[in-house]
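# 3D model of this:
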Amino acid sequence: MESSVNTSFLMPVALLLVLLVIPFSINSFMHMLANKNQFVYPVIMKIPLDNNAVAAPTEVKQYEGFDVALKVNTQILAEFINDIVAISSEGMSIQGITGFISPNMKAEITGEDFRIENPGPQNQLYGLQDTKEWKWRVIPESSGVQTIKFRMHVTSTEYGHQKANVIELAEANIVVDSNPTMWAVYNWWIFALLGGALFGGWKALRRYNIN
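Purely as a prediction, here's the structure:
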C-alpha cells in the first residue's frame, strides 16, 4: 500500500517537471548550438549597392515582430545592370539577365524561419524621385542566426521579347534570441501530447499497483 501511495504521489510531480523542463531545454539547446562560435555578417550585398539600402535589426527576440525595409534607386540599379549587359560577351549575363531591364520593379523578402505579413512581390510603399522604399513586418519563429533575403522582380526586354527576372539584392543575417515563454504559447500542442501520454501511463501504473 505504501509503495502504491508513493507512486501515485511521485507520478504527477514527474509529469509536471517533464512538461516544464523538457520543451524549454530543447529550445535553449538548439539556440546554443545555432550561435556557438558563429561570426555573423549583418548584411551581405549581392549587387554593389550601399549597405544602407537594407534596414534590419541585428538582434531580435523570438516570436516578437519587427520591421525591415529596403530603399533602392531603381533608376540607378537599372542603368548599372543595363551597362553590364551592354558590354558583356554573347551568352554572358548578370544573375541570368541578358536583356535590358526597366526601372519599374517590385521587391520581395523571403525567410524560411520568419512569418512575413505581406509575402510575395510588392509595389513600393512610397518613393522620392527614383528612390523607392519598401517595408515589411516579420516575426521570427526560430532562434539562432536566421536570414532574410531581399529580391527585386524586374522585366527584361531582349529582341522585342519581355521576360520576368529576379535579382538577388542582399541578405540580412539576424541573431534571434530564444523566447521560452512565447515558445511555450506557440507550441502548446507539445505540452498536450506529453501530458496525455504521461497521464495515460500514470493511470495504467496506478491501476496495476491497486490490483
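
# Tell me the buried residues in the longest strand seen in the chain?
In the chain, with assignment by DSSP state E, the single longest strand is strand 161-177. Along strand 161-177, the positions that meet the burial threshold by neighbour count (16 or more other C-beta atoms under 10 Å) are N165, I167, L169, A170, E171, A172, N173, I174, V175, V176. Where you see a C-beta, it was placed from the backbone N, CA and C, and this is true even at glycine.

# out of these, who's nearest G96?
The nearest member of the buried residues of strand 161-177 to G96, counting by C-beta to C-beta, is N165 at 6.3 Å.

# so that closest one touches T157, yeah?
No. Using C-beta atoms under 8 Å as the test, N165 is too far from T157 to be in contact (10.7 Å).

# list residues touching both of these two?
With contacts taken as C-beta atoms under 8 Å, 6 or more residues apart in numbering, the residues that reach both N165 and T157 are I101.

# Bridge partners for I148, pull those for me.
Applying DSSP bridges to I148 yields these beta-bridge partners: A172.

# I misspoke; the intended subject was I116.
Judged by DSSP bridges, the bridge partners of I116 are V138.

# got a pLDDT number for it?
With respect to pLDDT, I116 scores 96.

# Now V145: which helix or strand?
Under DSSP states H and E, the secondary-structure element containing V145 is strand 144-158.
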